[in-house]
Every structure is written in C-alpha cells, then in structure tokens.
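Undergrad: can't give you the sequence, but here's the structure:
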C-alpha cells in the first residue's frame with residue numbers, strides 16, 4: 001500500500017473544530033491484515049479489482065453504524081465473511097476480526113479499537129478507547145456464558161476506574177454518554193472523547209447511485225436523497241426552490257459532465273403524486289433522465305450529493321450538536337463506476353472544493369489514482385493485490 005498527500009506537515013498539527021476520522025485500521029478484517037488507511041477531508045482508495053477497496057469502505061460503514069448505536073447482528077449479518085480467510089480457530093473454536101479508527105477534533109486524537117468474535121457466536125469481546133496516552137474505556141469478555149463484557153472507564157476520583165457490565169452486542173463507546181455521570185475530571189474526559197468519536201462515526205452517508213431506479217418518476221415524499229439516489233427527481237424538485245445559488249453550481253457541474261448542451265436541470269410534477277427530472281437543452285428541447293446513459297446519471301447524482309449536504313441527504317445527524325460543528329462523510333464505493341476520465345476528474349475537483357469548506361468529507365474507491373493528480377487536498381491510498 002502506498003499513500004500520497006499534498007498536505008504540509010504543519011497542517012496535520014492543527015486541531016480541527018469538526019471531528020473527523022484521520023485513520024482507519026484493519027488489524028484483521030476480510031482480505032486486510034495490519035493495514036492503516038490515512039484519511040483526509042478528500043480521500044481516494046485506488047487499486048485493481050480484488051485489492052480490498054470495497055472491504056475498507058465496508059469496515060468504515062460498520063464502525064459508523066456501531067457508533068450510531070446499531071446492534072452487532074444488524075451491522076454484520078454474515079460475520080464470517082469479515083474473518084480473514086486464513087484465520088485459524090482457537091481451542092474453543094473461536095474466530096473473529098479486529099477493526100479500529102482514530103478521530104481528530106477539539107479533544108485531540110481519540111483512538112477506538114474493537115475485537116469482534118464471529119464464531120461460534122457473534123459478540124464484541126474487547127474494546128478500547130484511548131486519548132493522549134490514557135485508556136479511557138476498556139472492555140473484555142470474562143464469562144463466555146453471559147451476554148456481557150466487563151467494562152472499566154477512567155474515573156480519576158476516589159477510585160481510578162469504574163467497573164460495570166455492558167452488553168456484548170453494542171459498541172460500549174456509544175453507550176458511555178448514557179452511563180457516565182461526569183462528576184469527576186476523569187469522567188468528563190471520558191465523555192468528551194466518547195462524544196467526539198460517536199459524532200464523527202455517526203455522521204456518515206453511504207452512497208451508491210443506481211441508474212436503473214433513477215430513470216423513472218419519483219413519488220413526492222420527504223425530499224431526502226436515498227442511498228441509491230432512486231428519488232433523484234424528487235430531490236431536484238426540492239433543492240431547486242430552496243437554494244438557487246447552489247442549484248446553479250449543480251447546473252454548471254452537469255453541463256461539464258453530460259453530453260450535449262445543458263442550460264438547466266429541471267423537475268416537474270406529473271399530477272399523479274410523482275415528479276420527473278429533465279435536462280433543458282436550451283433550444284426548446286428537454287431530455288428526460290430516462291434517456292441518459294448510466295455514467296451521466298451517476299455523475300448527476302454524485303454531483304448533487306457533494307453540493308447539497310446533510311440537510312438533503314438521508315442521514316441521521318446529531319441534532320444536539322450545532323451543524324457548524326459537524327462534518328458529514330460521504331462513502332462512495334466504486335466512485336468512478338460507469339464514468340469516463342473527464343467525468344471522474346470533474347467530480348474529484350468538485351469534491352475538493354466542497355471538502356475544503358469543511359462541512360463535507362469524501363472517502364471514495366476508484367480504479368485509477370491518476371484522477372487525483374494536481375488536485376489540492378486529495379489523499380490517495382494505493383492498494384495492490
């Protein structure tokens with residue numbers, strides 16, 4: 001694995017106002033062992049098919065869902081596929097996997113590492129949350145016959161730690177805000193670190209536009225873009241009236257990435273509770289999205305994702321934290337699927353401009369890292385089979 005980034009060393013020392021992942025660790029997960037992925041505001045994971053790009057994004061999304069409070073079985077419905085192929089069971093027939101991440105933010109770098117047992121039954125068997133060289137939370141499986149782990153968190157009061165059982169099917173870090181009182185300086189440190197980690201993890205939108213579903217009219221509903229962008233026409237209908245300035249940026253992006261002239265991108269209700277989207281060619285001709293190619297549809301959807309932000313995307317952000325202190329991470333597997341080099345380059349440059357503002361981050365998987373050449377602020381991780 002090779003890494004390239006144009007960032008100056010001094011930039012890494014600055015403490016960001018908005019929490020964001022700076023490293024993804026796959027100690028033992030599917031095809032990866034002892035791998036670290038450095039993450040910036042705009043990160044592209046590149047490599048041939050089979051090099052593990054999708055695996056990396058899958059691990060990131062799993063951490064995000066655990067950070068949002070999801071149960072382990074929901075996150076890993078087929079956990080055996082996450083176990084490294086050559087991993088041998090121990091004397092108790094146990095096999096598993098280990099993943100982790102580091103989040104930087106106002107509290108400084110906070111590190112989370114978890115060990116998951118996949119066989120003979122799925123459970124979290126170990127978790128560690130650390131910051132500044134201090135272990136803030138540590139859990140371990142003490143009694144295999146009980147569905148709990150023994151947790152100990154930093155207290156620094158009359159006793160050094162507090163020990164309680166926690167369920168073995170949820171991320172302990174996500175439960176800390178409900179369990180820690182915050183009466184001592186140590187407990188307040190634990191809470192601050194846990195909240196920074198959870199805020200960064202839950203602020204994720206996994207996106208994989210599906211052209212076959214984007215071609216038909218979409219029913220009017222919440223106006224929030226789904227993962228597969230099935231309701232693209234509905235979201236275009238909503239966003240056009242909400243922010244004309246940003247919508248013009250979308251039109252300019254579509255003009256740069258779609259074939260033929262593009263004067264506008266419009267959406268019109270059909271009177272049956274649905275809305276369809278069209279490209280206005282500027283000469284009285286309007287092209288229905290159903291006539292566009294797969295690459296053009298994916299390009300349009302990804303441009304919309306990058307330009308609209310969390311208020312328009314189907315994602316559950318932390319309502320208790322001001323938007324100015326949050327940053328949404330877009331996970332885009334096969335970011336360049338169906339796109340030509342020109343379209344991919346336009347999207348990468350658009351992503352760089354939007355990520356520079358701080359409200360959005362992008363982790364995308366691409367086949368060819370050359371699309372990021374000359375793009376300021378882009379971090380490229382090259383994987384080899």
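TA: The structure has been received and is ready for your questions. This is a predicted model, so every value here is computed, not measured.
Undergrad: now do residue 157 against residue 181, distance only.
TA: 10 Å (Cβ to Cβ, to the nearest Å). All C-beta spots, glycine's among them, are computed from the backbone N, C-alpha and C.
Undergrad: more crowded one of these two?
TA: residue 157 (13 against 10; other Cβ atoms under 10 Å).
Undergrad: burial of the residue lying closest to that one once chain neighbours are set aside, as a residue count?
TA: Once flanking residues are discounted, residue 157 sits nearest to residue 184: 4.0 Å by Cβ to Cβ, 6 or more residues apart in numbering. Look at residue 184: counted by other Cβ under 10 Å, it has 17 neighbours.
Undergrad: overlap of the contact sets of residue 157 and residue 181?
TA: residue 187 (Cβ atoms under 8 Å, 6 or more residues apart in numbering).
Undergrad: follow-up on the earlier one: check contacts around the residue nearest to residue 157.
TA: 155, 156, 157 are the contacts of residue 184 under Cβ under 8 Å, 6+ apart.
Undergrad: what pLDDT does the model give it?
TA: pLDDT, residue 184: 92.
Undergrad: ok, residue 2 next?
TA: For residue 2, the predicted pLDDT is 72.
Undergrad: shouldn't residue 231 be in contact with residue 218?
TA: Yes - using Cβ atoms under 8 Å, residue 231 makes contact with residue 218 at a distance of 4.1 Å.
Undergrad: what does stretch 135-153 contact?
TA: With Cβ under 8 Å, 6+ apart, stretch 135-153 has contacts from 92, 117, 123-130, 154, 161-169, 172-173, 176, 180, 187, 189-190, 193-194.
Undergrad: which of those are buried?
TA: By neighbour count, with 16 or more other Cβ atoms under 10 Å, these hold 117, 123-130, 154, 161-162, 166-169, 172-173, 176, 180, 187, 189-190, 193-194 as buried.
Undergrad: return the set of buried residues in stretch 274-284.
TA: 275, 276, 277, 278, 279, 280.
Undergrad: hmm, I typed the wrong one, I wanted stretch 307-315.
TA: 307, 308, 309, 310, 312, 313, 314, 315.
Undergrad: secondary structure, distance to residue 103 and pLDDT for the contacts of residue 184 - can I get that in TSV?
TA: Formatted as TSV, these follow (DSSP: H, G, I helix; E, B strand; the rest coil; distance: Cβ to Cβ, whole Å; pLDDT from 0 to 100):
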residue	secondary structure	distance to residue 103	pLDDT
155	coil	22	92
156	coil	22	82
157	coil	26	74
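Undergrad: what are the ranges of the strands in the stretch 251-385 of the chain?
TA: 264-269, 274-280, 286-288, 328-332, 360-366, 378-382 (DSSP state E, counting those that start in this stretch).
Undergrad: ok, residue 286 - contacts?
TA: With Cβ under 8 Å, 6+ apart, residue 286 has these contacts: 266, 278, 279, 280.
Undergrad: redo that, cut-off 7 Å
TA: Residue 286 is in contact with 278, 279, 280, counting by Cβ atoms under 7 Å, 6 or more residues apart in numbering.
Undergrad: just the pLDDT for the first one.
TA: So that's residue 278. At residue 278, pLDDT is 96.
Undergrad: roughly how far apart are the residue lying closest to it once chain neighbours are set aside and residue 91?
TA: In space, not counting the residues next to it along the chain, residue 278 is nearest to residue 286; the distance is 4.3 Å by Cβ to Cβ, 6+ apart. With distances taken as Cβ to Cβ, residue 286 is found 69 Å from residue 91.
Undergrad: how about the strands of the stretch 251-385 of the chain in a markdown table, adding distance to residue 81?
TA: Shown next, in a markdown table, are the strands of the stretch 251-385 of the chain (distance: least, Cβ to Cβ, whole Å):
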| stretch | distance to residue 81 |
| --- | --- |
| strand 264-269 | 40 |
| strand 274-280 | 37 |
| strand 286-288 | 40 |
| strand 328-332 | 18 |
| strand 360-366 | 18 |
| strand 378-382 | 22 |
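Undergrad: please identify the deepest-packed of those.
TA: When you average the neighbours per residue for each of those (mean count of other Cβ atoms under 10 Å), strand 360-366 leads with a mean of 25.
Undergrad: so which elements touch that strand?
TA: Here strand 360-366 touches strand 42-46, helix 53-67, strand 328-332, helix 341-356, going by 3 or more Cβ pairs under 7 Å, 6 or more residues apart in numbering; DSSP states H and E.
Undergrad: just checking: what are the partner strands of that strand?
TA: Strands that pair with strand 360-366, judged by DSSP bridges, come out as strand 42-46 (parallel), strand 328-332 (parallel).
Undergrad: return the member of the buried residues of stretch 274-284 nearest to residue 375.
TA: Here the nearest of the buried residues of stretch 274-284 to residue 375, counting by Cβ to Cβ, is residue 279; it sits at 26.8 Å.
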